[in-house]
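>>> Please work out how this folds:
(one chain, ligands or ions: 1)
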Amino acid sequence: MPSGSLILTIDQGTTSTRAIVFDESACPIGSAQQELRQIFPQSGWVEHDPVEIAEAAIGVARLALEDANATAADVAAMGITNQRETTVIWERATGRPLANAIVWQDHRTAEICNGLSDAGLADDIWSRTGLIVDPYFSATKMRWMLDHLPIPNLQARAEIGDVRLGTVDSWLIDQLTRGSSNTPQDDVPHLTDVTNASRTMLLNIHDLTWDPELLEIFNIPEAALPTPLPSAGTFAVTHPSICGRAIPITGVAGDQHAALYGQACFARGDMKCTYGTGAFLLANNGANLDLFTGAAGSGQLTADDLDEANAGLLFTLGWQAGGSKIYALEASIFNTGSTMQWLRDGLGIIANAEESSDIAVLLGDNDGVYLVPAFSGLGSPHWDPHARASITGMSRGTTKDHVIRAALESTAYQVKEVVDIMDSQLRMPRRGNRRERVLRVDGGQTRNPFLMQFQADLLDRPIEVSAVDETTALGATFLAGRAAGIWRSDRELAMLWQCDRRYEPEMSESERIRLMSGWNEALRRTKTGFRE
Ligand code: ADP
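Model (predicted):
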């Protein structure tokens, strides 16, 4: 093994922290993983312990190197990818957290969001950030911390940069560069990458700097915030005590952005979907933010774009690397894989998610039974936080197998809805009757053959499952490796991407229409405001 050509990537997710060592062909050669404790102090609140996150990240990084039979001397660079929006607050000098992190799923700031919408600020916030006002994003979590933590003079301390606010990437960079010394330090870098910053609701998505108007609206002091940097480039160097030798951190991106890069979605219109607890669909929207690209495009979000955004998608940053930035459209669907967990743990009608595929295939048809998994409201494209899950269309002949099939189908319907909206917004050319491009997929639910075939059928486009399971980590690795000079172009990266399985659409148009109209009816009955 040539010395110094490996990439060590940390993937800090919502439920676990992983580290993977990749070689120069982007093949994983060692890994380690640790579960992360979920803390639910009150209904609607979700927290993580930042110290547990940092210790896990350092622990799995060391174990992954061991697993790869490598040392830090073999590593050229480190990549970091992370759960987005989750917000941490800590002291600059000591690196000590002042509270638990508020996780992206936490809804405690719903009232703050209602206040912003009532004050008529939603459109202005949207045109600066591309985001819909929702507790999901970091700004209201930061506001909540500064207002409610029982710590004297918190706002004043944030104003002089004595207290730091940041997403999980910033927290990890701080902890990985600080080392274990207990002596207060003033020069530990406070950094983020632009994709993570774009999810705070404080970054101006046009010029990728903290927006003075937004900082004022949320009353967040810039001195407490990290400096946003491109996703590929030298961020900092890890403290030698972390892995036995300093490693440059050269690639950082939020998990979904990293997955878009890791799926080699480099051309405008390329789409990926990550099917985990929820499903996250991102499409490369090219170098211009607005939907009406080309010579006529203004490069800014316009009222026309706002109309389109009312279709329920987020405008976000894809990545910034190699001197250029790529924008993306995003759909966040909150409940997909979690529905399978509910079948197993809540209803006890499956022993594990794997067996659901054969059950659904054997059943042959859904017999008109639909499950709308609005367990925590509906995200894209409906943004209905008050909707609750439903099962409709049952008859006396309905069995648990129908519910299992309906649960699997619900993932595919939800993704179909947002792919259709993205297709029309991106205005991609058609070839024959079929969209030109495939959908690249990753995540736990891609191990379900029934679901993947059903998804290809509903979308009427081929689906490609990536050979590397950990596409999120792969994306951060690609970014880190580009900045470290291991790979020189997106073209080179595209050649490294490998397909494991491909599903071709086989369903007739009439069947697709029949199924979708059943889904739409079930959805209509589930959304808030339904009246018979
Ligand atoms: P996350 O990163 O969000 O924790 P993963 O990508 O690890 O998620 O995927 C885990 C999710 O995928 C779980 O919710 C699980 O129910 C679902 N899942 C795992 N295997 C299957 C399967 N064979 N069929 C359907 N769903 C599955």
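
>>> Tell me which residues touch residue 273, please.
Shown in contact with residue 273 (C-beta atoms under 8 Å, 6 or more residues apart in numbering): 279-281, 415, 439-443. No exception for glycine: its C-beta is placed from N, CA and C like everyone else's.

>>> For PyMOL, write the select line for the buried members of these.
Those of these that count as buried under 16 or more other C-beta atoms under 10 Å are selected in PyMOL with:
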select buried, resi 279+280+281+415+439+440+441+442+443
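
>>> Just checking, which of the contacts of residue 273 comes out lowest on pLDDT?
Checking pLDDT across the contacts of residue 273, the minimum falls on residue 443 at 90.

>>> which ones are touching that residue?
Residue 443 neighbours (C-beta under 8 Å, 6+ apart): 273-276, 279, 337.

>>> Quick one: name the residues of the protein near the ligand.
Residues of the chain lying close to the ligand (C-beta under 6 Å from any ligand atom) are 13, 15, 276-277, 337-338, 340-341, 353-354, 356, 443-445, 447-448.

>>> how about 5 Å then?
15, 276-277, 337, 340-341, 353-354, 443-445, 447-448 (C-beta under 5 Å from any ligand atom).

>>> coming back round to it: redo the contacts of residue 273 as CSV? Include secondary structure.
Formatted as CSV, these follow (DSSP: H, G, I helix; E, B strand; the rest coil):
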residue, secondary structure
279, strand
280, strand
281, strand
415, helix
439, strand
440, strand
441, strand
442, strand
443, coil
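
>>> which one among the contacts of residue 273 gets closest to the ligand?
residue 443 (3.8 Å; C-beta to the nearest ligand atom).

>>> what about residue 413, neighbour count?
Using other C-beta atoms under 10 Å, residue 413 has 22 other residues around it.

>>> can you tell me how far the residue nearest to residue 62 when sequence neighbours are not counted sits from residue 344?
Using C-beta to C-beta, 6 or more residues apart in numbering and skipping the chain neighbours, the partner closest in space to residue 62 is residue 243 (6.4 Å). For residue 243, the distance to residue 344 (C-beta to C-beta, to the nearest Å) stands at 38 Å.

>>> Of those two, which one has the most company?
residue 243 (21 against 16).

>>> That one is in contact with residue 72, isn't it?
Yes. Look at residue 243 against residue 72 with C-beta atoms under 8 Å: they come within range, at 4.1 Å.

>>> Residue 383 - how many residues pack around it?
Residue 383: 17 neighbours (other C-beta under 10 Å).

>>> typo on my end, residue 151
14.

>>> mind listing what it touches?
By C-beta under 8 Å, 6+ apart, the contact set of residue 151 is residue 98.

>>> And the pLDDT at the residue in the stretch 401-532 of the chain that the ligand sits nearest to?
In the stretch 401-532 of the chain, the residue that lies nearest the ligand is residue 444 (2.1 Å; C-beta to the nearest ligand atom). Here, the pLDDT recorded for residue 444 equals 89.

>>> what's the spacing between it and residue 16?
For residue 444, the distance to residue 16 - C-beta to C-beta - is 12 Å.

>>> where does the stretch 201-350 of the chain dip in pLDDT?
289-311 (pLDDT under 70).

>>> ok, now the chain?
Along the chain, segments meeting pLDDT under 70 span 1-3, 181-182, 289-311, 428-436, 529-532.

>>> State which strand of it is the longest.
Counting residues, the longest strand in the chain under DSSP state E turns out to be strand 324-333.

>>> so which strand or helix has residue 145?
helix 138-148 (DSSP states H and E).

>>> nope, residue 220 is what I meant
Residue 220 is part of no helix or strand, with elements assigned from DSSP H and E.

>>> wait, what's in contact with it?
Going by C-beta under 8 Å, 6+ apart, residue 220 touches 139, 142-143, 146, 158, 165, 202.

>>> In three-state terms, how would the residue of the chain positioned farthest from its centre be classified?
The centre of the chain is farthest from one residue, residue 396, which by C-alpha atoms, centre = their mean lies 40.5 Å away. What three-state DSSP gives for residue 396 is coil.
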